[in-house]
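Engineer: Show me how the following folds:
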Amino acid sequence: MTLVTKQTTQKLHPHKFMMWVTIASLCMMFAGLTSAYLVKKSSDTYISFKLPAHFIWSTVVIVVSSLTMQIALKSIQAREMARYRNFLGITAFLGVLFAVIQILGFFYLDNHGIPLLGLKSNPSASFLLVIIGLHALHVLGGVIALVVFYLKVYFSKKRSYATVPVEVLSTYWHFVDILWIYLLIFLLVLR
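Structural biologist: Just a heads-up that it's a prediction; the model follows:
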């Protein structure tokens, strides 16, 4: 007697695969930047300064936005389009709020004697601007995608319940959340 077993293999959707490749690339980029920051820290020109509370508040905002993104994903999976749209909009708003708080943090540093750019700037402060600024740009890229998805719900003549694009966006959004938490811990430990 032979047992025949059917093995089903689940293939990763190409869009999800590309998102994971993108995430791996971003991890390598930020690992390189944080490594360069460590090397620069050992130089004579490095100055130590306290991060403003703005960066802690922005962390709260991005963690909450990750929760709202997850609710949006669960809502489209349940075909609750109004709820999906609302939480997508909230997530986009929180992403913009995150970037605004970060910008306010940079202004705070600049106004308190830590110039980030120009002749009077210090390389350690400029590194901070590059690392956090690049992260904020990736968040804003996610916000653009959120707005596009939000507008599709309103203006599309055909209602789509496809979840793969939202799953890909959700993965990206959670990644930028986790990446920010890593960067914040990295910068706080180095102070």
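
Engineer: distance of Ala136 from Ile101?
Structural biologist: 10 Å (CB to CB, to the nearest Å). The C-beta positions use only the backbone N, C-alpha and C, and glycine is treated the same way.

Engineer: actually Gln10, not the one I typed
Structural biologist: Where Ile101 is concerned, Gln10 sits at a distance of 40 Å (CB to CB).

Engineer: Which one's more surrounded, those two?
Structural biologist: Ile101 (21 against 5; other CB atoms under 10 Å).

Engineer: Help me confirm that that one comes into contact with Ile62.
Structural biologist: No: if you go by CB atoms under 8 Å, Ile101 and Ile62 don't touch, sitting 9.4 Å apart.

Engineer: Contacts for the host helix or strand of Leu67, please.
Structural biologist: In this structure, Leu67 sits in helix 54-77 according to DSSP states H and E. Helix 54-77 is contacted from outside by 81, 83-84, 87-88, 90-91, 94-95, 97-98, 101-102, 104-105, 108, 132, 139, 161, 163, 166-167, 169-170, 173-174, 176-177, 180-181, 184, 187, using CB atoms under 8 Å, 6 or more residues apart in numbering.

Engineer: helix or strand for the residue nearest to the spatial centre of the chain, which one?
Structural biologist: For the chain, the residue nearest the mean C-alpha position is Val176 (2.2 Å; CA atoms, centre = their mean). Per DSSP H and E, Val176 falls inside helix 164-190.

Engineer: longest helix of the protein?
Structural biologist: helix 123-155 (DSSP state H).

Engineer: Show me what it packs onto, helices and strands only.
Structural biologist: helix 14-41, helix 81-111, helix 164-190 (3 or more CB pairs under 8 Å, 6 or more residues apart in numbering; DSSP states H and E).

Engineer: With distance to Ser48 and mean pLDDT as extra columns, can I get the ones you listed in a markdown table?
Structural biologist: As requested, the helices and strands packed on helix 123-155 are arranged in a markdown table below (distance: least, CB to CB, whole Å; pLDDT from 0 to 100):
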| stretch | distance to Ser48 | mean pLDDT |
| --- | --- | --- |
| helix 14-41 | 9 | 89 |
| helix 81-111 | 13 | 94 |
| helix 164-190 | 8 | 93 |
